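> with the input below, show me the fold.
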Amino acid sequence: MNLRPLPCEGSIHDSNGLSGIPMNSPPNTARYNGAIEHTQGEFKNYLRRWEWKANTIDEFGLLAETAAHELNHRPRRCLKGQTACRAYFGNNRMRYSKHQRKSIYNWIRDLATEISIRAGKRMISPMAWRMAAKQWLVKNGLIRIQRAGKVLPDFSSKLCHN
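Okay, here's the model as predicted:
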């Protein structure tokens, strides 16, 4: 079963004991569907509370990412006080030094620049950043592409950032 962080009441556990919410909503499961609606409500409330900060669609997209991050890092009673991220990934997380982070950023930025130049753009586009970041993750074995550009949802546990 493919699970993502962001569980709440009605979360389920996979065979490895990981807690989460499946990507597809099962029919006739009121408790689960209620949990989904509750989580969506939390997400919408966060966006409503901070929407005044977003003046463009790109800024609103960043706000949505921030909301998801915030919700994944909020302790949950149904997870015995753990955050969804910690419950999903455990304590196995990557730790990079400042020098390593700078090196990674430079590698991704250089590739994003090259991608943008090849596309005839004068500035690095968001798409170029995503493509470059995906390439770095694949190159370093942190994600794998299974079919036709689809990234598997079960990221390496090394990607935990809590």
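
> what residues are up against the residue in the chain sticking out farthest from the centre?
The centre of the chain is farthest from one residue, Gly120, which by Cα atoms, centre = their mean lies 29.6 Å away. Neighbour list for Gly120: empty [criterion: Cβ atoms under 8 Å, 6 or more residues apart in numbering]. (C-beta placed from N, C-alpha, C; glycine too.)

> so it: helix, strand or coil?
Classification of Gly120 using DSSP: H, G, I helix; E, B strand; the rest coil returns coil.

> let me see the backbone angles for it.
Dihedral angles of Gly120 (phi, psi; degrees, to the nearest 10) stand at phi 80, psi 20.

> gap between it and Thr113?
The spacing between Gly120 and Thr113, counted by Cβ to Cβ, to the nearest Å, is 13 Å.

> now swap in Gln100 and tell me
Gln100 is 20 Å from Thr113, by Cβ to Cβ.

> which one of these two has more residues nearby?
It is Thr113, of Gln100 and Thr113, that has more neighbours when counted by other Cβ atoms under 10 Å, with 16 against 11.

> if I look at Arg49, what pLDDT would I see?
On pLDDT, Arg49 comes in at 91.

> same thing with Trp136?
92.

> where do the helices sit along the chain?
Residue ranges of the helices in the chain, as given by DSSP state H, are 30-50, 57-72, 84-89, 98-118, 126-139.
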